[in-house]
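Q: Generate coordinates for the sequence data below:
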Amino acid sequence: MNNSMTRSEYKQQQCPVEYGVLTNKTGFGRLVSLVFCVLFASITFIGLFILTPQTIYADEIEITSGDQFRNVINSVSMGSPTNPQKLKIMNRIEVTDNVLITSNSHFEIVGPGEIVLGNNIYISGSLTLSEGSNISALSGTNQNFPLIFVDFDATLTMNGGVITNNVTNKTISTVGTDAGFIMNGGTISSNSNTKTIIIDNGATFTMNGGTINNSAANGVAVKVGSIPNKISTFQMNGGTINSTGTSGKAVQTDDQGGVESVITQESGTIIGPVEKRRYYDVCCYLQRQ
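A: I've put the predicted structure just below:
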């Protein structure tokens, strides 16, 4: 308020109608003036809100090339854990470079197209694979890295779709404290890599549905590993784990330092051997139980 104004003058400037035709001593006149002022203020506020730029993302982004897929994921932070940005893969696309989902990014992939990876997807935020999604590996993909890597505090959720990996040594690695993989549906299969799913160093794998297949000769469908203070957890509530390799394992623990991973099967089917391995020497694997 200007120091030269009286309180009455300031009030008249803010709501002039009260000092116009409707001014009177009756309760009705004051009520009408009050209603008008409230409406005027509300309309002004709504107008300012509409005119102010808002951050709005598309409900669905259609992806038609590998470069577009990589650029969208690598260049921006989008979505939220409860409302991920949906990417609809329209056709077969090849992604030859690394793809990084940052800690502030949350994406959902849907079909009908196929993503063919020439390198890996590295998740620090979250990724959801839904019905119709399809991920596979290009011949020549770096065999020493997993197709999908889930880092500390990151989450991979598979509600449907297919992941086929016949190239790299590992399909999905979930490693580190609060790293999580939730499988509600879909199929993960491999026939030449040694490990399909790796849960290690305090990570968690919850399997509610879907199918995991490993047909490699010495393959492991689900490998769970722990070290002191970083105990990994595998909770199986449904679905099927299948190992058909001649010396393959359906589930295998690889625990160090004398600790033991937590493996709980409430329901679901495991086809193939279950092997528990524990090493007392955390460094050198010298003593084996």
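Q: Report the contact partners of the nearest residue to residue 116 once chain neighbours are set aside.
A: Computed as CB to CB, 6 or more residues apart in numbering, the closest residue to residue 116 that is not its neighbour in sequence is residue 94, at 4.8 Å. Yep, even glycine has a C-beta here, placed from its N, CA and C like the rest. Residues in contact with residue 94 (CB atoms under 8 Å, 6 or more residues apart in numbering) are 66, 116, 118, 138.
Q: ok, the last one touching residue 92?
A: To tie it back to what came earlier, the one meant is residue 138. No - contact criterion CB atoms under 8 Å: residue 138 and residue 92 do not qualify, at 11.4 Å.
Q: coming back round to it: narrow the contacts of residue 94 to just the buried residues.
A: 66, 116, 118 (16 or more other CB atoms under 10 Å).
Q: Of these, which belong to helices?
A: Secondary structure assignment by DSSP state H places residue 66 of the buried ones among the contacts of residue 94 in helices.
Q: least trustworthy position among the buried ones among the contacts of residue 94, going by pLDDT?
A: Lowest pLDDT of these: residue 118, 90.
Q: Do I have it right that it meets residue 96?
A: Yes - contact criterion CB under 8 Å: residue 118 and residue 96 qualify, at 3.7 Å.
Q: residues bridging contact with these two, i.e. touching both?
A: By CB under 8 Å, 6+ apart, residue 118 and residue 96 have these common neighbours: residue 138.
Q: Mutual contacts of residue 138 and residue 92, please.
A: Common neighbours of residue 138 and residue 92, using CB under 8 Å, 6+ apart, are residue 116.
Q: how much space is there between the residue nearest to residue 132 when sequence neighbours are not counted and residue 86?
A: Nearest residue to residue 132 in three dimensions, chain neighbours excluded: residue 111, at 2.6 Å (CB to CB, 6+ apart). Going from residue 111 to residue 86 by CB to CB, to the nearest Å gives 12 Å.
Q: how about the nearest residue to residue 151, chain neighbours excluded?
A: Distances taken as CB to CB, 6+ apart place residue 124 nearest to residue 151, at 5.0 Å, with adjacent residues excluded.
Q: Confirm that the residue nearest to residue 116 sits in a helix.
A: No - assignment of residue 94 by DSSP: H, G, I helix; E, B strand; the rest coil gives strand, placing it outside any helix.
Q: I'd like to know how far it sits from residue 71.
A: Using CB to CB, residue 94 is found at 14 Å from residue 71.
Q: can you list the weak-confidence ranges in the stretch 1-150 of the chain?
A: Along the stretch 1-150 of the chain, segments meeting pLDDT under 70 span 1-58, 140-143.
Q: Helices of that one, start to end?
A: Here the stretch 1-150 of the chain has its helices, by DSSP state H, counting those that start in this stretch, at 7-14, 27-51, 66-75.
Q: So which bits of the last one are buried?
A: Along helix 66-75, the positions that meet the burial threshold by neighbour count (16+ other CB under 10 Å) are 66, 68, 69, 70, 72, 73.
Q: same check, this time on stretch 128-137
A: Neighbour-count burial for stretch 128-137 [16+ other CB under 10 Å]: 128, 129, 130, 132, 133, 134, 135, 136, 137.
Q: Residue 162 touches residue 133, doesn't it?
A: Yes - the pair residue 162 / residue 133 is scored as a contact, 7.4 Å apart, by CB under 8 Å.
Q: Now do the shared contacts for those two.
A: With contacts defined as CB under 8 Å, 6+ apart, the residues shared by residue 162 and residue 133 are residue 186.
Q: Now do the contacts for residue 211.
A: 186, 187, 188, 189, 239, 240, 241, 242.
Q: What residue spans form the domains of this structure?
A: Annotated domains of the chain cover 7-51, 60-279 [automatic domain parsing].
Q: hey, which of the ones you listed is tucked in deepest?
A: domain 60-279 (a mean of 19; mean count of other CB atoms under 10 Å).
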